[in-house]
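Asker: What shape does this take:
(one chain, ligands or ions: 1)
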Amino acid sequence: MAALLEINNLNAWYGESHVLHGVNMTIGEGEMVTILGRNGVGKTTTLRTITGILRKRRGEIRLNGHDMMQVPLHRTAHHGLGYVPEERGIFASLNVIENLMLPPAVGDGGMSLDEIFELFPNLHERRNSPGTRLSGGEQQMLAMARILRTGVKLLLLDEPTEGLAPVIVQRIGDVLKKLKERGMTVLLVEQNFRFAARVADRFYVMDHGMVVSEFPVGELPERMDTLHTVLGV
Ligand SMILES: Nc1ncnc2c1ncn2[C@@H]1O[C@H](COP(=O)(O)OP(=O)(O)OP(=O)(O)O)[C@@H](O)[C@H]1O
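Answerer: I've put the predicted structure just below:
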């Protein structure tokens, strides 16, 4: 499988605080990979550093072979990188369609509104509702849908299931499975272990700003005891 994203010896700082200490990851095209780890180990920071929101960084980030360290933040989407942050960023005063149409399409292969509404039928039902009236689950789906419309190749998701009811978590899992069938590559941070086990091909476990282990989903059962210790769950 060809690598879509390659990260080598990635370091990042918040001011003087050195948070990532040499992260290495490779994500193959069409893969779904989950980053696990306790609170504060650097999972969100890894996503923010890949997107370039956090600029105080050193190391290597290649997307499709392209050196992303040189790409300014406003150009990252043009290279196929889409980021859905934990806080989702839905515009409260805009309705669902307006939120969806806001980011410009930046590449080929973005989903049409019809395709989006097929994937997220409840967004179609709520298409005229303002952001303020959406549930947490609907906001999460809208945040994902908005990025999918733009034609991204790599989707970075930060805790997509946080605070959501089990039935909505299940639905987000179904969406990710359908995206996988379409060949989308996804790197996600997730604390919900059962959800992650359902959608991921592979896991990275982070601790103290580094990747400390990596394994395919098939090895999950034999790793459970160690993971419970490492993750404190
Ligand atoms: N804006 C910031 N300024 C300074 N330090 C920060 C900032 N954001 C995060 N940190 C620190 O960086 C470290 C890594 O945080 P990060 O949010 O990446 O962890 P995480 O693994 O995603 O955990 P969580 O699930 O709690 O978000 C933590 O020590 C955190 O306190």
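
Asker: going forward, measure contacts between C-alpha atoms and count neighbours the same way
Answerer: Will do.

Asker: Where do the helices of this structure begin and end?
Answerer: 43-51, 96-101, 113-119, 121-125, 136-148, 166-181, 193-199, 220-231 (DSSP state H).

Asker: Among those helices, which comes closest to the ligand?
Answerer: The ligand lies closest to helix 43-51 among these, at 3.6 Å (CA to the nearest ligand atom).

Asker: Around the ligand, pick out the residues from the chain.
Answerer: Counting by CA under 6 Å from any ligand atom, the chain comes close to the ligand at 14, 19, 39-45.

Asker: how about the residues you listed in CSV, adding distance to Q191?
Answerer: Formatted as CSV, the residues of the chain next to the ligand follow (distance: CA to CA, whole Å):
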residue, distance to Q191
Y14, 23
V19, 19
N39, 9
G40, 12
V41, 12
G42, 13
K43, 10
T44, 12
T45, 15
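
Asker: quick one: which of those is most hemmed in?
Answerer: For the residues of the chain next to the ligand, counting by other CA atoms under 10 Å, the largest number of neighbours falls to K43: 27 neighbours.

Asker: my guess is that residue meets T34, correct?
Answerer: No: with contact defined as CA atoms under 8 Å, K43 does not reach T34; the gap is 10.0 Å.

Asker: Counting neighbours, what do you get for the residue lying closest to E31 once chain neighbours are set aside?
Answerer: Of all residues not flanking E31 in the chain, T185 sits nearest, at 5.1 Å (CA to CA, 6 or more residues apart in numbering). Neighbour count for T185, taken as other CA under 10 Å: 23.

Asker: now do K153
Answerer: K153: 26 neighbours (other CA under 10 Å).

Asker: Can you add pLDDT and give the residues of the chain next to the ligand back as CSV?
Answerer: Listed next are the residues of the chain next to the ligand as CSV, based on pLDDT from 0 to 100:
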residue, pLDDT
Y14, 97
V19, 97
N39, 92
G40, 94
V41, 95
G42, 97
K43, 97
T44, 97
T45, 97
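
Asker: Low-confidence stretches in the chain?
Answerer: Within the chain, the stretches with pLDDT under 70 are 233.

Asker: returning to that earlier point: what's the overlap in contacts for K43 and T34?
Answerer: Residues touching both K43 and T34 (CA atoms under 8 Å, 6 or more residues apart in numbering): V189.

Asker: how close does G82 sit to the ligand?
Answerer: According to CA to the nearest ligand atom, to the nearest Å, G82 stands 18 Å off from the ligand.

Asker: Dig out what that residue forms beta bridges with.
Answerer: For G82, the beta-bridge partners under DSSP bridges are L155.

Asker: Provide a list of residues in contact with it.
Answerer: G82 touches 51, 147, 152-156, counting by CA under 8 Å, 6+ apart.

Asker: How about R62?
Answerer: Contact analysis of R62 by CA under 8 Å, 6+ apart lists 4-7, 68-69.

Asker: Leaving aside the residues adjacent along the chain, what's closest to it?
Answerer: Leaving aside its sequence neighbours, R62 sits nearest to E6 (CA to CA, 6+ apart; 5.1 Å).
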